[in-house]
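In: whatever this is, show me its structure:
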Amino acid sequence: MKLDSAITVSWGNLLGSGISNNAKVQFLGDEYIVNIKLRKVLSLPHNTPIEDHLTVLILHYLSQKIAGLPVVSGEYLSFHGLSVINSFAEVFKKRSTDVIMERYGDNIFDILSVLHNLPAKKIDRADVAIVVEAFEGVPIFIELWEADEEFGPEANILFDKTIMKIFCVEDIVVLAEVVARVVSYKNDLYD
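Out: This next block holds a predicted model:
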């Protein structure tokens with residue numbers, strides 16, 4: 001029910017914004033069309049409806065884009081650094097970093113295979129790291145460390161500190177989950 005309410009409010013915010021009826025949004029390398037008249041977000045090129053949690057992310061992003069996106073600061077924070085709401089920490093871990101570790105924990109360098117399928121690039125951080133451009137102006141950093149004598153493999157997701165000007169904490173948890181699943185199982189996500 002909460003998603004339905006968020007979607008209704010988001011459509012209401014967009015109605016008076018003056019955007020064209022069929023605004024296009026890039027999300028994780030895929031293109032979506034936001035049809036204001038029909039109140040639908042469709043995946044292109046086949047005009048197929050998308051799941052509600054993706055609709056909320058796209059509508060919230062588009063609303064902020066119309067109002068003006070913040071300039072990426074270059075200062076990256078972990079989820080703990082972004083959120084004072086610790087009750088989301090375990091959900092965040094379970095839905096995002098655990099998913100990445102399940103897929104890449106045995107060979108962290110395999111994550112580099114996603115570079116040709118996503119708007120992503122390798123960066124020099126951790127043992128291996130990539131930055132994924134989830135939306136225009138919304139970079140998501142994924143860092144991985146190999147296991148050593150003392151510790152097992154680890155993963156971390158970092159966000160530009162301006163993300164809180166675009167999305168609420170709940171949206172950030174969902175965004176991290178979607179990014180983690182796409183990075184880990186892109187071919188399986190939308191089957």
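
In: please report how far the nearest residue to residue 19 once chain neighbours are set aside lies from residue 90.
Out: Nearest non-adjacent residue to residue 19, counting by CB to CB, 6 or more residues apart in numbering: residue 66, 5.9 Å away. In this view, the C-beta of every residue, glycine as well, is placed from N, C-alpha and C. Counting by CB to CB, to the nearest Å, the gap from residue 66 to residue 90 is 34 Å.

In: sorry, back to before: how about the residue nearest to residue 19, what does it touch?
Out: Counting by CB atoms under 8 Å, 6 or more residues apart in numbering, residue 66 makes contact with 14, 17-19.

In: helix/strand/coil for it?
Out: Secondary structure, DSSP: H, G, I helix; E, B strand; the rest coil: residue 66 is helix.

In: again with residue 132
Out: Classified using three-state DSSP, residue 132 is strand.

In: just the ones of the contacts of residue 66 in helices?
Out: Within those, residues falling in helices by DSSP state H are residue 14.

In: nearest to residue 55, of the contacts of residue 66?
Out: Nearest to residue 55 among these, counting by CB to CB, is residue 14 at 11.6 Å.

In: how deep is that closest one tucked in, by neighbour count?
Out: Residue 14 is flanked by 18 other residues according to other CB atoms under 10 Å.

In: repeat that for the one 4 residues further on.
Out: A total of 7 residues lie near residue 18 under the criterion other CB under 10 Å.
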